[in-house]
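Trainee: Give me a 3D structure for the following:
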Amino acid sequence: MKNLKVVAFALLASVAWSCSEEEPAVVKKETPKEVANAETLARFGTSSNLKLGDFNGDGYTDVLHATGSRWRISYGGNTPYVYTTYTSARAKDMAIGDFNGDGKDDVIVGTGSRWQISYSATSSWVLGPYTVSVAKDMAIGDYNGDGKDDVLVGTGSRWQISYSATSSWVLGPYSAAVAYDMAIGDYNGDGKDDVLVGTGSRWQFSYGAASSWVLGPYSVATAKDMVIGDYDGNGKSDVLVGTGNWWQISYDAVNNWTIVRNPESSIGINLEPGDFNNDGISDVFNPTGSLWQVSYNGTSSWSTINTYPEQ
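Mentor: Numbering: from 1, shown residues only. Okay, the predicted model is just below:
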């Protein structure tokens, strides 16, 4: 999913940047104040069983709901569900990317012995390389700029990359960083995805997942705090974080924080980036269980795009 690397983001997170004029206060994470009943959550889909991607290649982000027996997709996030592949694979088992370069996002699942890929989330499973890596180990991005997403796995001592999720492993830089530590995006706009790691005091970049570490801004924000997207449409990925009081964006991941909005107090769940109006600028998606909301460009108030997308 080009320029929209999905990084789960607990909004009420502590962030600070030494270059900021005012450091955000530390805010303890909270749970949502309103939780829909269990039947609604199961039917509609919550963040734990949803995946975002452009599965039909029309430029709009789609929402895939893994029910445990079959996948279903709301194309554009504002249409009724369409049922696709029969599979027990759940969202936590999946990684999303365009692995064949056709402009449509695909689903990769690691079984613990071999990868399987469902192209466009509609095809039958196609077997990939033998590997014990599963979704939580994978950092998906186009690291060589060929238009096909690749799989990066951190072993704890050195990175390995499978280009297009089909090649044998190619060794990358020595690094203890693993997928959980990484925020993937194209921060310099060269068409290749890069790896950002927050150390807790300063960001580091490996450009193209191949360069030695380049030091970035001082910040305590780490990957789990970030929603990565291109929020100004300049072709470079930006970092959005929240403090519970406001959202802030570091454009191109090198600029000082810009306060962009004051989210409603009910927010406290996982957010993800997508492009729901096909304007080439990232939006922030918020699934609440009973409805789906979007903040366009990460700066607008919430707009409801769907309620109960049943057929």
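
Trainee: Name the residues linked to residue 52 by a beta bridge.
Mentor: residue 63 (DSSP bridges).

Trainee: Got the confidence number for it?
Mentor: pLDDT recorded at residue 52 is 98.

Trainee: State the number of residues packed around it.
Mentor: The burial count assigned to residue 52 is 22, neighbours taken as other Cβ atoms under 10 Å. For every residue, glycine as well, the C-beta is placed using N, CA and C.

Trainee: Can you show me the strands along the stretch 1-150 of the chain?
Mentor: Taking DSSP state E, counting those that start in this stretch, the strands of the stretch 1-150 of the chain run over residues 9-10, 50-53, 62-66, 70-74, 82-86, 94-97, 106-110, 114-118, 126-130, 138-141, 150-154.

Trainee: Mind checking those strands for the one nearest to residue 166?
Mentor: The closest of the strands of the stretch 1-150 of the chain to residue 166 is strand 126-130. By Cβ to Cβ, the value is 6.0 Å.

Trainee: how distant is that closest one from the center of its chain?
Mentor: For strand 126-130, the separation from the chain centroid amounts to 23 Å (computed by Cα atoms, centre = their mean, to the nearest Å).

Trainee: which stretch of helix or strand covers residue 203?
Mentor: Using DSSP states H and E, residue 203 sits in strand 202-206.

Trainee: Each with direction, which strands does that strand pair with?
Mentor: Using DSSP bridges, the strands paired with strand 202-206 are strand 194-198 (antiparallel), strand 214-218 (antiparallel).

Trainee: mind listing what's buried in that strand?
Mentor: Buried residues in strand 202-206, counted by 16 or more other Cβ atoms under 10 Å: 203-206.

Trainee: Same check on stretch 164-179?
Mentor: For stretch 164-179, a neighbour-count test (16+ other Cβ under 10 Å) marks 164-166, 169, 172, 175, 177-179 as buried.

Trainee: same question, stretch 277-290
Mentor: The neighbour-count check on stretch 277-290 (16+ other Cβ under 10 Å) flags 277, 281-290 as buried.

Trainee: same thing with stretch 84-97?
Mentor: Neighbour counts over stretch 84-97 (16+ other Cβ under 10 Å) mark 84-85, 87, 89-91, 93-97 as buried.

Trainee: next one: stretch 130-137
Mentor: Neighbour-count burial for stretch 130-137, with 16+ other Cβ under 10 Å as criterion, is recorded at 131, 133-135, 137.

Trainee: now swap in stretch 177-186 and tell me
Mentor: 177-179, 181-186.

Trainee: low pLDDT regions in the stretch 51-200 of the chain?
Mentor: By pLDDT under 70, the stretch 51-200 of the chain has no low-scoring segment.

Trainee: quick one on the thing from earlier: could you save the strands paired with strand 202-206 as CSV and add columns showing mean neighbour count?
Mentor: Converted to CSV, those look like this (neighbours: other Cβ atoms under 10 Å):
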stretch, mean neighbour count
strand 194-198, 25
strand 214-218, 15
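
Trainee: burial count for residue 256?
Mentor: Neighbourhood size, residue 256 [other Cβ under 10 Å]: 13.

Trainee: What about the closest residue to residue 112 other than its chain neighbours? Give its phi and psi, please.
Mentor: Nearest residue to residue 112 in three dimensions, chain neighbours excluded: residue 132, at 5.8 Å (Cβ to Cβ, 6 or more residues apart in numbering). Here is the backbone geometry of residue 132 (degrees, to the nearest 10): phi -90, psi -10.
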